[in-house]
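Enquirer: curious how this folds, go ahead:
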Amino acid sequence: MLGKVQLVTDRNEWDEFVESSPQGTIFSTTRWLRFMELPFKIYGYYHGNQLIGGMANFDNPAPLTPFQGILVSDRPGAKYTTLLSLYNEVAKALIPYAPKQFYNHWTFPDIRPFKWSGWGCDVRYTYVVDLTDMGRLWERLEKQTRYEITHAQKEHITWMTPDTHPFNILYSETFKRKGLERPVTEEFLDRFCFVFNAAIFCTTTPDDVTSMAIFIEDTKRAYYILGASDETGHTSSLTLWSAFDKLSKSGIKEIDLVGCNDEQIGMFKRGFGGKLVPYYGVKK
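Expert: The predicted structure follows:
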């Protein structure tokens, strides 16, 4: 059956599809799209009246948005070749409607239709951490990461906080040390954490905040969206491990550490025992 592509105007229809699709994440929901206040479009690929694929992308790359890209309907038990056929069918149909640059979720494995059409292709990486067995995860941590956690626990404490103010201070200091401007403003970050009910973790001595981390979640997983630390960075491992423990107890089964393409950041995130997964981008 030949499908058709059309703009999706029913927000509920799209968000229900995002929820059901393996590629569906918080970054493709209408709530995320509207919050950023940037131009975007949602295209659906239909067989008859059935939405079987689609894409919701900003016209240009947006802050705090690692991927969006192509989504397909879930097909439990389908043959691998059947799934590949579906990925290709949906991708080919959506090529004329795609923005000039975007990245797919790491569960979308095949961007060859874009390559065949002359688009440039890129690959990025992230780590996905399984939280279903924290004891086993502790054993998978790199030796240096475990040392940093146990050493920091002797003099520091970590807890959740609703307060974005200390994070904003630490975040600004982090970018100042690097000679860079922070990518999002304090006002934006305050609104972001409120709207998406972010989990903010803070590690301190009796006198100072030493590291913080911000996580958001959807029904599939949590995402380590932002982090900041003092110039030593010695408590960042403790902050993340404490967050993993807390989030696992709340029912979160996995965490996407959201990128590890920078060498230094990649080495840090590697220490947490996650699985390295690629995700693919295209550019016209």
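Enquirer: sheet-wise, list the partners of the longest strand anywhere in the chain with their directions.
Expert: Ranked by residue count, the top strand of the chain under DSSP state E comes out as strand 120-130. As defined by DSSP bridges, the strand partners of strand 120-130 come to strand 254-256 (antiparallel), strand 275-283 (antiparallel).
Enquirer: what's the most buried one of those?
Expert: strand 254-256 (a mean of 22; mean count of other Cβ atoms under 10 Å). C-beta: built from backbone N, CA, C; applies to glycine.
Enquirer: so what's residue 245 closest to, chain neighbours aside?
Expert: Setting aside the residues directly before and after it, residue 245 is nearest to residue 134 in space (Cβ to Cβ, 6 or more residues apart in numbering), at 6.3 Å.
Enquirer: burial of that neighbour, as a residue count?
Expert: 13 (other Cβ atoms under 10 Å).
Enquirer: so what's it up against?
Expert: Residue 134 makes contact with 244-245, 248, according to Cβ atoms under 8 Å, 6 or more residues apart in numbering.
Enquirer: tell me the pLDDT at it?
Expert: For residue 134, the pLDDT comes out at 98.
Enquirer: show the contacting residues for residue 103.
Expert: Counted by Cβ under 8 Å, 6+ apart, residue 103 has contacts 66-69, 122, 124, 279-281.
Enquirer: and the furthest pair within the residues you listed?
Expert: Among the contacts of residue 103, the pair separated by the greatest distance (Cβ to Cβ) is 68 and 122, at 14.7 Å.
Enquirer: among the two, which residue is more densely surrounded?
Expert: Higher neighbour count among residue 68 and residue 122: residue 68, with 24 against 12, using other Cβ under 10 Å.
Enquirer: wait, the more buried one touches residue 54, no?
Expert: No. Between residue 68 and residue 54 there is no contact under Cβ atoms under 8 Å: 10.7 Å.
Enquirer: next one, pLDDT for residue 1 please.
Expert: On the pLDDT scale, residue 1 is placed at 62.
Enquirer: give me the secondary structure label for residue 90.
Expert: Under DSSP: H, G, I helix; E, B strand; the rest coil, residue 90 falls in the helix class.
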